[in-house]
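Trainee: For reference, the sequence and a predicted model appear below.
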Amino acid sequence: MPNLFSNAQNVGPDTEVDLPGTRCCDDRRQDYLRAMFAASEKFVRYAVSIAFAGLTAFLAYRVQRADFVSFITAYGSFFGLYIWLVFWKKNLSGGETRWYTALGIGLRILVLFNIPNFSDDIYRFLWDGRLAVAGYHPFDHPPAYYIENQIFPPGITPELFSKLNSQQYFTVYPPLCQVVFALAAWFSPTGIRGGVVVIKLCLLACEIATIRQLAAGSSHRQGASAGKDALLYAMNPLLILEIVGNGHFEGVMIFFMVTGLRALDRGKTARAATWWALATAAKLLPLMFLPILFRRMGWRKTRLFAGIFAGALLLLFAPLWQVFPNIFASLDLYFRQFQFNASVYYLFRAIGFGLKGYDIGEGLGPFLGILTIVGVLLLAWKTHSRPRGKGLKLADTLLFALMLQLGFSATVHPWYATVPLALGILAGRRFPVWWSGLIALSYSHYAGGAFQENYGLIAVEYGVLVWFIRSEFGKCVSCLTG
């Protein structure tokens, strides 16, 4: 007769026994908890996405530049949600990363149809484009010339003239920008919104391309970190509002620079040179980085890069050679007379005023510009073609050079911080992300329509930024001096 108790012969007082149905109940409980967790995560995702969309719409369509309190409250809320998402949210899955990255593109589409309310540069873009379409060279005369001489090509009106911020200055926007301006004027010869949308569509295309480049560059990573660079870029409020929202062409330059740096990483020197020339044709800033690039590439690759870059630049800038004196005249005025949200410049100017008894700003700008050139050349000299040990990555060195230039600059508009942000993402640095929040304080300049710097808030902005730099980037100073 079989022993009915044979299966229980090793059961002691501390032995766990699976009673009938216990394992089934545990499985159901776990399934229920997983379903509840998934539902709560989905709810949080939708709620946060709606909050992002609402804040974006409010900032783009409702807040005016003079209403600083409303702006900083909404922007601070957006930035706080962004920091929670990219730095503090636990267990961010690959699916969530892709969701929020796509949301960042959606938010850019959301601001596509607003007339920029935090910058009036867009009106100069339309002015230049309409002149070009009408057969006038945009660099030949400042806008005041056309009003004074009663020259009114289609779309060039006293109303549009009244919206310009530099009526007495020659335009300074490079040829690639001018092509987009002319395209906008061709599609919308007299309408403001139509021209703005055309310009923004071009910027949107570049932003999407940059996000794709960043996603491809981090695709070798595992899990959610595979798309972290793209997420950091896609959801940043400064990038959303200043590039597509306010129509600034730093977004075009960033795309070409990021693509050029990726080409260099893959050893595609000729392609990198072409991309770098296109970046320069959007904004002149990439010229500053050439000594560092040449030093990093070594002599043989530098010859190839320099040859292709120079040839492409000659072709792209061919329509402007005869008007370079006008461009340089406006750039000289920019460095000598414009002041906004500066750091070292304001400090030196205050010291100079105390010592001399008058404003030394007109001579201080060129002097700090020379210091910037010397600093970049020193960085290039310390750069190795094959970085060893703890040497800085190329994006790190470019970021260091750009922060030096912005630190010495007399004018640091909020959209200027988009470029160090992009380089910081490539270099794996966090302090440019924090600066993209802090620099919103500079809009206090326009509070109540006063057009007056708030030096207390500027001190807060740069004081906190210096703390972040010292805690993160200061560790790499030895890489440059060793």
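Mentor: In hand now; what should we look at?

Trainee: so the residue minimising distance to the centre of the chain is in which element?
Mentor: With distances taken as C-alpha atoms, centre = their mean, Thr418 lies nearest the centre of the chain, 2.1 Å away. Element membership for Thr418, per DSSP states H and E: helix 418-427.

Trainee: could you give the mean pLDDT of that helix?
Mentor: Across helix 418-427, pLDDT averages out at 96.

Trainee: Run the chain-centre distance for it.
Mentor: Remark: helix 418-427 is offset 7 Å from the chain centroid, using C-alpha atoms, centre = their mean, to the nearest Å.

Trainee: who's in contact with that helix?
Mentor: Residues outside helix 418-427 that contact it (C-beta atoms under 8 Å, 6 or more residues apart in numbering) are 210, 214, 217, 229, 232-233, 236, 238-239, 242-243, 248, 250-251, 253-254, 257-258, 261, 285, 393, 395-396, 398-399, 402-403, 406, 430-433, 435-436. (C-beta placed from N, C-alpha, C; glycine too.)

Trainee: just checking, which of these belong to helices?
Mentor: 210, 214, 217, 229, 232-233, 238-239, 250-251, 253-254, 257-258, 261, 395-396, 398-399, 402-403, 406, 431-433, 435-436 (DSSP state H).

Trainee: Now do the contacts for the nearest residue to Leu441 once chain neighbours are set aside.
Mentor: Closest residue to Leu441 apart from its sequence neighbours, by C-beta to C-beta, 6 or more residues apart in numbering: Leu457 at 4.4 Å. Contacts for Leu457 (C-beta under 8 Å, 6+ apart) come out as Leu441, Ser442, Ser444.

Trainee: between those residues, which is closest to Ala132?
Mentor: Nearest to Ala132, judged by C-beta to C-beta, of the contacts of Leu457 is Ser442 at 32.1 Å.

Trainee: gap between the closest one and Tyr346?
Mentor: Separation of Ser442 from Tyr346 (C-beta to C-beta, to the nearest Å): 12 Å.

Trainee: overlap in contacts of these two?
Mentor: In contact with both Ser442 and Tyr346: Ile458, using C-beta under 8 Å, 6+ apart.

Trainee: ranges for the helices of the stretch 251-400 of the chain?
Mentor: Per DSSP state H, counting those that start in this stretch, the stretch 251-400 of the chain carries helices over the ranges 269-282, 290-297, 299-316, 324-337, 344-356, 361-382, 394-408.

Trainee: among those helices, where is the model least confident on average?
Mentor: Per-stretch mean pLDDT for these is lowest at helix 324-337 (a mean of 77).

Trainee: sec struct for Pro189, please.
Mentor: Under DSSP: H, G, I helix; E, B strand; the rest coil, Pro189 falls in the coil class.

Trainee: Not counting sequence-adjacent ones, nearest residue to Ser49?
Mentor: Distances taken as C-beta to C-beta, 6+ apart place Leu103 nearest to Ser49, at 5.5 Å, with adjacent residues excluded.

Trainee: Need the residues that contact whichever helix or strand the one you found is part of.
Mentor: Under the criterion DSSP H and E, the helix or strand holding Leu103 is helix 94-110. The contact list for helix 94-110 (C-beta under 8 Å, 6+ apart) reads 41, 45, 49, 52-53, 56-57, 60, 85, 204, 207-208, 211, 215, 223-224, 226-228, 230-231, 233-236, 240, 243-245.

Trainee: how about JSON lines for the helices of the stretch 251-400 of the chain, with distance to Asn165 added?
Mentor: JSON lines is the format used below for the helices of the stretch 251-400 of the chain (distance: least, C-beta to C-beta, whole Å):
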{"stretch": "helix 269-282", "distance to Asn165": "20"}
{"stretch": "helix 290-297", "distance to Asn165": "30"}
{"stretch": "helix 299-316", "distance to Asn165": "26"}
{"stretch": "helix 324-337", "distance to Asn165": "12"}
{"stretch": "helix 344-356", "distance to Asn165": "20"}
{"stretch": "helix 361-382", "distance to Asn165": "19"}
{"stretch": "helix 394-408", "distance to Asn165": "21"}
